[in-house]
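Student: what shape does this take:
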Amino acid sequence: MKMNDLKKTIQDFFQDGTVTIIGSGLSIAEGLPSMGDLANELDNKMTTFLKTADEKKIWNEISERFDEGVGLEETLHEVKPTKNLEQKIRELTANYVRSKEDQALKRVILENDSFRLSAYLMRFNIRNNGLTIITTNYDRLIEYSCELVGLRVDNLFVGKYFSRYLPNQSKYSFCVGVKKRKKKQAVEFAPKVTILKPHGCLSWYIVNNEPIAAPMIREDDCLIITPGANKYREGYNEPFDSQRAKANDSIDSAERFIIIGYGFSDDHLETHLRKQILSGKPTLIFTHTLSEKANEIVKNFSNVTAFTHDNLGTKIINIEAETILKKVNLWDIGEMVKEVFNE
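Tutor: Numbering: from 1, shown residues only. Model prediction:
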């Protein structure tokens, strides 16, 4: 495919009906920890919190698997931690991710830098229905990326400092006026991005048995689902349950997908996402390296094209072939936007 044709193909995804799915790859590119980094952090810090001989035995088994190169997700499925260990994993994860998020935000604010996603978002003409992003990440980099370029964020909570979870009401907080259209009145909404987080967020807590979002609180007992078998149990509590349901509804109603740094490893979303890709919905994947599951999807579905890192530039993969595009980093969405839209 010629470069101009390739650019046109990508540009056609930047319109109404596109749902963006974002995994940890985007956050890693901004300096946040990978699963490997998180495993090392847990292994280094957890020994301080082990209370019983049983917990020490369980953690030794987990640590041994880390040493053998087994990933965090797989390890915590094989060796089930106690309730106390689960809680400590959640707290250490939140603290570690938050510390790295702070560094990324300071870089943007103090060094006049920018997040990759901001330029990506600005290429959409966001209308009343807004743009939907689904992410398995806990951090707030997507929210920051939106507001840094003047796009409002709908996280299904209502309020500013102590927001209540009101998924059926949040959209009305973006009303900016009423216009007459053909003798009828129509509500006008500010451009917004709806961000759905089925695995939770560093800002979410339970207060008086109710989910709230409070960005000024920095406690580590926030509402996040960490890797392991517990994530399937936790996923059916609020707000995770309705976040997942709305994410799946968005996937089902999407016309096309842009998938950024996501490895297709979350069963909460996979049933719907795979079904919609199988139905033929056009899909672009931008990632440094394809996971095994992502590679299987690319190799089996003609409507999927992946852009991945290559030492020479970008490797473009689809069901028919693999092509190397030299000296162009289309796999990185920041570079992709510059190249595709001639910025």
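
Student: is residue 189 in a bridge, and if so with what?
Tutor: Counting by DSSP bridges, residue 189 forms beta bridges with residue 175.

Student: make that residue 304, sorry
Tutor: When bridges are called by DSSP bridges, residue 304 pairs up with residue 283.

Student: gap between it and residue 251?
Tutor: 15 Å (CB to CB, to the nearest Å). Just so you know, the C-beta spots here come from the backbone N, C-alpha and C atoms, and that holds for glycine as well.

Student: just residue 141 next, same as before
Tutor: Distance from residue 141 to residue 251, by CB to CB: 22 Å.

Student: ok, residue 43 to residue 65 distance?
Tutor: Distance of residue 43 to residue 65, computed by CB to CB: 10 Å.

Student: of the two, who's got more company?
Tutor: More crowded of residue 43 and residue 65, by other CB atoms under 10 Å: residue 65, with 18 against 15.

Student: what number of residues lie near the residue nearest to that one when sequence neighbours are not counted?
Tutor: Computed as CB to CB, 6 or more residues apart in numbering, the closest residue to residue 65 that is not its neighbour in sequence is residue 75, at 4.4 Å. For residue 75, the neighbour count with other CB under 10 Å is 21.

Student: which elements pack onto the one helix or strand residue 75 maps to?
Tutor: Assignment of secondary structure by DSSP states H and E places residue 75 within helix 72-78. Contacts defined by 3 or more CB pairs under 8 Å, 6 or more residues apart in numbering; DSSP states H and E place helix 72-78 against helix 35-45, helix 53-67.

Student: in CSV: these, plus distance to residue 311.
Tutor: Formatted as CSV, the helices and strands packed on helix 72-78 follow (distance: least, CB to CB, whole Å):
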stretch, distance to residue 311
helix 35-45, 21
helix 53-67, 29
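
Student: and those, which is most packed in?
Tutor: Compared across the helices and strands packed on helix 72-78, helix 35-45 shows the largest average neighbour count, a mean of 17 (mean count of other CB atoms under 10 Å).

Student: could you export the helices and strands packed on helix 72-78 as a markdown table, including mean pLDDT and distance to residue 255?
Tutor: Output for those, formatted as a markdown table (pLDDT from 0 to 100; distance: least, CB to CB, whole Å):
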| stretch | mean pLDDT | distance to residue 255 |
| --- | --- | --- |
| helix 35-45 | 95 | 31 |
| helix 53-67 | 94 | 42 |
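
Student: nearest to residue 238, of these?
Tutor: helix 35-45 (25.4 Å; CB to CB).
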